[in-house]
Every structure is written in structure tokens, then in C-alpha cells.
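S.K.: Quick one, structure for this:
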Amino acid sequence: MRPPTMFSRFHWLFCLIVAIGWSLDGWSQDAVRNRKYGQEDKFRQLEEILPTPNDYRTASGAPGRRYWQQRANYDIDVELDDKNQRIIGSETITYLNRSPDTLNYLWLQLDANLFTPDADAATTATTSSLTRLSYNRLKTLLVRETFDGGVKITGVRDAADRPLKHTIVKTMMRIDLEKPLASGESIIFSVDWNYRINDCKVLTGRTGYEFFKDDGNYVYEIAQWFPRMVAYTDATGWQHKQFIGRGEFTLELGDYLVRLTVPNDHVVGATGVLQNPADVLTEVQRERLAQAQTAAKPVFIVTPEEAAAAEKKKPTGKKTWIYRAENVRDFAFASSRKFIWDAQGHDVNGNSVMAMSLYPKEGEPLWSKYSTHAIIHTLNVYSRYTFDYPYPVAYSVNGPVGGMEYPMICFNGPRPEKDGTYSKRTKYGLISVIIHEVGHNYFPMIVNSDERQWTWMDEGLNTFLQYLAEQEWEENYPSRRGEPRDIVGYMRLTSQVPIMTNSESILQFGPNAYSKPATALNILRETVLGRELFDFAFREYARRWKFKRPMPADFFRTMEDASGIDLDWFFRGWFYSTDHTDLAIERVRLFEVDTQNPDVEKPLRKARTAQPESLSTQRNQELDKRDDQFPELKDFYSKFDAAAVTEAERKSYQSLLKGLSPEEKKLLASKDNFYIVDFRNLGGLVMPIVLKLEFDDDTTSELRIPAEIWRRNHETVSKLIITDKPIKSVVLDPHLETADVDLSNNYFPPRIAKSRFQLYKERKQRNEMQKAAAAEKAKAAEKAKANKKPQPKPAEKSGQAPSSAGKEAAS
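M.R.: Have a look, this model is predicted:
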């Protein structure tokens, strides 16, 4: 081999640098800089940073021909210890390795370890100040230091009942296999465990119990309660990023058979279909369920009176409720003797669904009025925009959890006041949270995205659909998220990160993962694509990835593939940056065709160039002028008018006309108005330009310019607008559809900013001596009041027994 030359050494070094840049940056935009033009390319294609398409995930955003995903089936026995608030469980897991890889070990999630004192969620929590703290918050801080709600693993065994070596790593557990699990093989193993349930009113979370002091009973909403398989995917391998609290769950689909043993007076709702109603329900309850299947409105299965009676009694034993659920990624349940239960059957395009609500009396009168209706409404709207709801039941449960979703069941918190009244915020908060949590059945329960990594892929998409469903609930529904104008306050903040940020690193969690992506999709639907194109593409994404696991690139690519529109600029701006919309009208100029007719143009030019008469000129008119005193000083120029038309100019114009064709003469005589409008992008986010033009005759028209107008210069652009009548004013973003953060620069001519101010009466603060004197005065008044004795009543007449008051007075 000959030694490398200097050139080959540099060539090798260059290739190494390129390779490193490619691997670290995905050959990102930082690797391709234009140092001369000085502008970032807002329309640069995302292919440079998106994962390379392959046989598993295609360039169109669809699952590839070799797409695969693992599967985990569960057979679980669990007991709810109502006396000690504990879960005791045993499960058998059948794990199918459908990946092309051989696995030497398995990972399981132990989510309840979030509630150990040394959990990362506790040890990494930060506090900026303690100057003001509520009693409840202090109680939470102290309990968090001592309460151990972690999972106690009591056994891990293979199918032959032999112990399996396992290692617990915070909220994860690794099981080491004696024999590697080859591609296409399956393994059966079992796990025994128990843990203490957290008081959700003290240690808040997605699961827990609520204790009701008035009647001494509990409501349990139980989730993340069993060791669950960690997802193994083509994109991440084992997704075992630790559970710290915000990043939710990444799970495998499978079938569940669960036997729930609870006190025999409890009512239970859970993921799946009840398999033994004759064992756990009364004959009357079964009859009511059958009636509810075809009812036109919700039917009570357990009435408020029956629930109130159950609260006063104690259990006499236990019952086991058996549930089966197919093709779900998780399992949750709720249990209490306090539950009122209503239900109504609903047909979702041929799929018979039982919509049901469970709630204590503390939820009335709101819950019986709205909950089940909200479930059915959600299934109708979401199915229209995605796919038909495939499951047989859908529960909404009221308890301590404010809002959390699981397959076929969700937990929702809003309640009225104790006197039964409720605010507008509570009413719509309840309807909205039920829509949102039931809607999560679609994202991520069925479109099974990686919540631990990308919160927006389920919360953002679901919040967008929630907004659509809310708007179909009633006229002028007070949606909190979705409208562009509602997010401008957040968009102008500096304390934010891009949507494409890991769940645990997000700043401003609600606006970033819920509001911003939901608003972005609404803008994409209404302003960029239009409803028809957007709805087709969004439905295509949902159906492509139904019961599969999409990644962000699959969503971005599908939306482009199905709509036929390049959207890289949109996703780059809204999802990969913190730019905001602030487009401004800088200037409007009017141009008209010069007719070249001197009798027309010279007077116009004179009027156009005329300057206001200065103050000095006005005052100098009274001065005597020398050429008036000496007329001989006047000459040709003393009376010359440059604006006067000469015969030579008229002849020249006629000569011009003779050389023009009829079409050219028509163009020369055009009365059209040519306006050039200059725009500036102050916020950095490129967006379509939407204009409202108001004319002198008070008529209006709208002009919609695609965002591609910014493709060569994203800072300033100028647009020619031709009209047949004069424009009186121009308004940018007249319908507030682009989340523009500053509307003051959206008008031409500029508008006067109007506001109002309040008057108040000045009050002088008391000094310390005055405060002390007032305190002494109040103390003296209290002392005088205490020393003042009540007047004795008149003596009773002779022969009459004294009254009790008289006896006390005499005594």
C-alpha cells in the first residue's frame, strides 16, 4: 500500500467531518450555511433531519412492507384491599417477539415506583421560593418525603415456575432470559407484586384514591398498577426512558383477561367487557343495562338513591369482576360503593357501543346531565375525522384524578359545589375534559404513539379534535384552545422551547404540548390547506396508523403525501422553532398608467408634487417686491409656468397615438390602480398573507397569498395588487387566523389605538403610630363590651313557677 498523500489526508479528514456532521445533525441546516445572504432558509426541506425512509416506515409516511411491532398479552388476578388501600396482584404475560432482532433480556415498567421517596420525580423536583405555601401543599411536601408507594416484586417466574433473574432500575425492571428470545418466538412468564395506593388528594397523579370524610368511603381510580412491557420498536429499541412524571407511556398492544376482586358492595368499571354480570350484578341492574342498550337517553343502572344507601353499609365479603379486552395497550379500572351508574347504548356506524358514567353523589347534578352525552358526542365527532370507534364500551368516571385516559375508560375530575351550584367554568370544564379524555381513545390508545418521547403526538392532535368537537356541542362554545387568537400571549414569550422537544424538557407544558400543536393544526386546516384537503390527509394518517406506532416523521410525511402540498416550511416553523407570527404592513404605494397626454398628466403632476405653503411664504406675501418697483427686471421666466402645456407637447402626444395599435391604445387608457404593498416579517414565522381591501365605495374584497411568497426573502416582500377602484384601507389578517402577536401594524393607514382608563380616589396609608392607636382603641372597645352586664328580667308574679331563665337569673 502506498503512503497517503497530503491531499488524501485532507480528503479523509473532510469525509470524517462530513460523516460526523451527518450523524449528529442529520445533515441539518447548520451544516449548510449561506454566510453571504444572511438569511435562514425557512423553506429548506425537512428530509435532511427526518429519519431515512426504509422498509419499516416509507417516505410517504405509511407503514412499510416490513413494518412490525411487538405484542404482549396479559392474564391478571388482582385484589383491591379497601381496608389498607393496597393492590395485590399476580400476572402471566405472553410476549411475542415480532421484531427481526434476538432479545437477551426483557424490560418491564414499574410506574408505581414514581411514588417512592427517592424517585427521580422527587429528587429532581425544584423549588424557587417558600415565602407563601398552602397547608395542603405543605402536607404534600412532607408526605412525599416518607410515603412509599413503590412496587414490591415478590416473584418473577418462567412458564415452568422457575425463578427468573431480574433487576429493578428505578421505574423499570430488566428480566434476564436464560435463553435468548429469537425473532418470531414468544415467551410466557409471571410476576407477583403489591404496592400501597397513593392518596390522590395529597400525592396527586394519574392514579389513586379519594377518601370522603362525611361517609367514610373511598373512590379508587387505579392505573399504572401492574408491571407492563416496555415497548420495543424499530425507532428506539427498548423505550425505557425513566418515568419522571410528565412523559407518559409507550406501550405494546395486546389482549387482557383481568379478574378484579373487590368488596362485594363495590361497583366497578374497567377497560373491556364484563364477562360475569350474573355473578356481580343484581337482576334489576342487568335488566336496566339491557334497557339502556336501546335507550334514547342515559338510564340509571345504579340510581342515586341506591348509591346513597350503599354508602351507609359495610361489605359482607368480596366479589370478583372479570373483564376481557382485546387489542388494547393498557388496562385501568375504578371501584367504589359510592358510584351512581348510568349508561346508554350508541351505534357508531354499525359498532354497538355502551357509553357509561360512574360518579359519586358529589358529582351531581352535573354528571348525570352531561357525562354520558359528552361520551357519545365525542365518539360521533372523532369517528368522522379519523376512523370509527372500534371498542364495545366507553367509560367516564368521576374521582380524584383531574383528567386521565386509558383504553375504553377515562377519569375526569370537575364537580359542582356542595350546594349543587356550579360555575360556567366548571360546567364547560367538565364537558371539555370528558371530550378530551374520551378522545384519547383515538390518540394514543389506537394510534399508538410514543408518549414518553413526544407529548404533542397525542395531546396536541387530541386537543385539536377536542376543539372541533366542542364547536359542535353548542353555538359559541367557550373553547380554551384551538383558536389562533388565544395563543398569541404564549407565542410572544421567550420562555419556550420548540414543540419537537422531549416531554420531560418542555417549558410551559400546557401551551407547548397542547395549545400550540392544536392551534397549528387548526391554522393548517383553515388557512393553509383548506378543510377538504386537510380532513382527507388527517383521516389518512389516522387510518394508516390505527393500531400501529407512528413517529413524528410519519405524521409530517403523511400530511404532505395525502394533501399534495409542500408543508416542510410549516412544520419547520411551528414544530421545530420558537418563531412567532408578526407580519406588518410597512408601506402602500399607488401607481397609475401615465397616459402621456400633456393636458392630463401635467396638471396631475403639479397637484402631486405640490408642497404646503410654508409659514415664511405666507408672511412674505405682504412684503414689497423689487421687481414690482422696477418692472424692467421682469423677463420671460418671470411669467413662465413649467406646468403649462405647449403645442409641441400636444403634437408629440398625437404622434405617439398614431404609432399605437388599438390594443395598445386601450392599455394606455387603462384606469386600473396598481398598488404595491410592502410587508415585513418581524416574528420570523413565515405564514400566508391574508388581506382585506376596503374601497372608496365602501365595498370590500379579500386576498389570500400562500406562504411561498416568502420563499426567497423571509424578512421583506412586496406584493402588486391591481384594482379597478381606489383602495381606502388595507387590513392584514382580518379574521385573526394566523396567531399574529401584534395587530397594531396590521393596518394601512395605521389606526389610532383606543383604550380607556379608570379614576380612583387617593388613599393615604396609615403610619405605625396610627395603626397602634387603632389597635388600642379596638382592644378597649372589646374590654368594655365584655364588662357590660345584661339587665335582669322582672321578677315572676307570686304563685307562678319561675321560668328557666328566671331560675338562672336567680341563681
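
S.K.: Any idea which residue is closest to the centre of this protein?
M.R.: Centroid check for the chain by Cα atoms, centre = their mean gives Tyr514 as the closest residue, at 1.3 Å.

S.K.: Can you check what pLDDT the model gives the residue nearest to that residue when sequence neighbours are not counted?
M.R.: Distances taken as Cβ to Cβ, 6 or more residues apart in numbering put Thr463 closest to Tyr514, at 4.6 Å, once the chain neighbours are dropped. From N, CA and C alone the C-beta is placed, and that goes for glycine too. Per-residue confidence (pLDDT) for Thr463: 98.

S.K.: Could you look up the SS state of Asp535?
M.R.: Following DSSP: H, G, I helix; E, B strand; the rest coil, we place Asp535 in the helix state.

S.K.: List the contacts of the residue nearest to it when sequence neighbours are not counted.
M.R.: Distances taken as Cβ to Cβ, 6+ apart put Tyr385 closest to Asp535, at 6.5 Å, once the chain neighbours are dropped. Tyr385 makes contacts with Leu465, Leu468, Asp535, Phe538, Arg539, Ala542, as judged by Cβ atoms under 8 Å, 6 or more residues apart in numbering.

S.K.: what about the third one, distance to Asp566?
M.R.: Separation of Asp535 from Asp566 (Cβ to Cβ, to the nearest Å) stands at 19 Å.

S.K.: Looking at the two now, which is surrounded by more residues?
M.R.: Neighbours were counted for Asp535 and for Asp566 using other Cβ atoms under 10 Å; Asp535 has more, 16 against 13.

S.K.: That one against Leu521, yeah?
M.R.: No - Asp535 is not in contact with Leu521 according to Cβ atoms under 8 Å; the separation is 11.1 Å.

S.K.: Could you list the low-confidence segments of the stretch 301-450 of the chain?
M.R.: Residue ranges of the stretch 301-450 of the chain with pLDDT under 70: none are present.

S.K.: What of the chain?
M.R.: 1-33, 789-811.

S.K.: the residue most distant from the middle of it, which is it?
M.R.: Ranked by distance from the centre of the chain (Cα atoms, centre = their mean), the top residue is Glu632, with 86.4 Å.

S.K.: returning to that earlier point: looking at this, the residue nearest to the centre of the chain is in a helix?
M.R.: Yes - according to three-state DSSP, Tyr514 belongs to a helix.

S.K.: so it makes contact with Arg481?
M.R.: Yes - look at Tyr514 against Arg481 with Cβ under 8 Å: they come within range, at 6.0 Å.

S.K.: Find residues that contact each of those two.
M.R.: In contact with both Tyr514 and Arg481: Thr463, using Cβ under 8 Å, 6+ apart.

S.K.: Ramachandran angles for Ala553?
M.R.: Phi and psi for Ala553, reported as degrees, to the nearest 10, are phi -60, psi -30.

S.K.: how near is it to Asn512?
M.R.: According to Cβ to Cβ, Ala553 stands 20 Å off from Asn512.

S.K.: What is the neighbour count of the closest residue to Thr723 other than its chain neighbours?
M.R.: Leaving aside its chain neighbours, Thr723 sits nearest to Asn673 (4.9 Å; criterion: Cβ to Cβ, 6+ apart). Look at Asn673: counted by other Cβ under 10 Å, it has 17 neighbours.

S.K.: thinking Asn673 is in contact with Asp696, fair?
M.R.: No - Asn673 is beyond contact range of Asp696, at 10.1 Å (criterion: Cβ under 8 Å).

S.K.: Need the residues touching each of those two.
M.R.: Contacts common to Asn673 and Asp696, judged by Cβ under 8 Å, 6+ apart, are Lys725, Pro726, Ile727.

S.K.: And the buried ones among these, selectable in PyMOL?
M.R.: Selecting only the buried entries of those in PyMOL, with 16 or more other Cβ atoms under 10 Å as the criterion:
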select buried, resi 727
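
S.K.: Mind listing what's buried along stretch 347-364?
M.R.: 348, 353-364.

S.K.: If you could redo that for stretch 215-230, that was the one I meant.
M.R.: Buried residues in stretch 215-230 (16+ other Cβ under 10 Å): 217-230.

S.K.: Any chance of these in a markdown table with distance to His440 as columns?
M.R.: Shown next, in a markdown table, are the buried residues of stretch 215-230 (distance: Cβ to Cβ, whole Å):
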| residue | distance to His440 |
| --- | --- |
| Asn217 | 28 |
| Tyr218 | 25 |
| Val219 | 21 |
| Tyr220 | 20 |
| Glu221 | 15 |
| Ile222 | 17 |
| Ala223 | 12 |
| Gln224 | 15 |
| Trp225 | 18 |
| Phe226 | 20 |
| Pro227 | 23 |
| Arg228 | 17 |
| Met229 | 20 |
| Val230 | 21 |
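
S.K.: any chance of these in JSON lines, plus distance to Val731 and secondary structure?
M.R.: Shown next, in JSON lines, are the buried residues of stretch 215-230 (distance: Cβ to Cβ, whole Å; DSSP: H, G, I helix; E, B strand; the rest coil):
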{"residue": "Asn217", "distance to Val731": "60", "secondary structure": "strand"}
{"residue": "Tyr218", "distance to Val731": "58", "secondary structure": "strand"}
{"residue": "Val219", "distance to Val731": "53", "secondary structure": "strand"}
{"residue": "Tyr220", "distance to Val731": "56", "secondary structure": "strand"}
{"residue": "Glu221", "distance to Val731": "50", "secondary structure": "strand"}
{"residue": "Ile222", "distance to Val731": "54", "secondary structure": "strand"}
{"residue": "Ala223", "distance to Val731": "50", "secondary structure": "coil"}
{"residue": "Gln224", "distance to Val731": "51", "secondary structure": "coil"}
{"residue": "Trp225", "distance to Val731": "56", "secondary structure": "coil"}
{"residue": "Phe226", "distance to Val731": "58", "secondary structure": "coil"}
{"residue": "Pro227", "distance to Val731": "59", "secondary structure": "coil"}
{"residue": "Arg228", "distance to Val731": "54", "secondary structure": "strand"}
{"residue": "Met229", "distance to Val731": "56", "secondary structure": "strand"}
{"residue": "Val230", "distance to Val731": "54", "secondary structure": "coil"}
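
S.K.: Sort out which one of these lies nearest Ala310 for me.
M.R.: Distance to Ala310, by Cβ to Cβ, is smallest for Asn217 among the buried residues of stretch 215-230, at 8.6 Å.

S.K.: List the beta-bridge partners for that closest one.
M.R.: On the basis of DSSP bridges, Asn217 is bridged to Phe212.

S.K.: just use 55 as the starting number from now, easier for me
M.R.: With the count now opening at 55, the last piece we talked about shows up as Asn271.

S.K.: circling back to that earlier point, ok, now how distant is the residue farthest from the centre of the chain from Ser692?
M.R.: Glu686 is 11 Å from Ser692, by Cβ to Cβ.

S.K.: Same question for Lys660.
M.R.: 19 Å.

S.K.: what about these two, which has more around it?
M.R.: Lys660 (13 against 9).

S.K.: what helix or strand is Ala523 on?
M.R.: Under the criterion of DSSP states H and E, Ala523 resides in helix 510-525.

S.K.: Of all the residues in that helix, which ones are buried?
M.R.: 510-524.

S.K.: any idea which of the residues you listed is closest to Pro498?
M.R.: Distances from Pro498 to those, taken as Cβ to Cβ, are shortest for Asp512 (3.8 Å).

S.K.: show me what contacts the residue lying closest to the closest one once chain neighbours are set aside?
M.R.: Spatial nearest neighbour of Asp512, chain neighbours left out: Pro498 (3.8 Å); criterion: Cβ to Cβ, 6+ apart. Listed by Cβ under 8 Å, 6+ apart, the contact partners of Pro498 are Arg383, Glu505, Met511, Asp512.

S.K.: In CSV: those residues, plus distance to Gln819.
M.R.: Below are the contacts of Pro498 laid out as CSV (distance: Cβ to Cβ, whole Å):
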residue, distance to Gln819
Arg383, 61
Glu505, 53
Met511, 54
Asp512, 53
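
S.K.: any idea which of those residues is closest to Asn167?
M.R.: Nearest to Asn167 among the contacts of Pro498, with distances taken as Cβ to Cβ, is Glu505, at 17.9 Å.

S.K.: With that, I have no additional questions.
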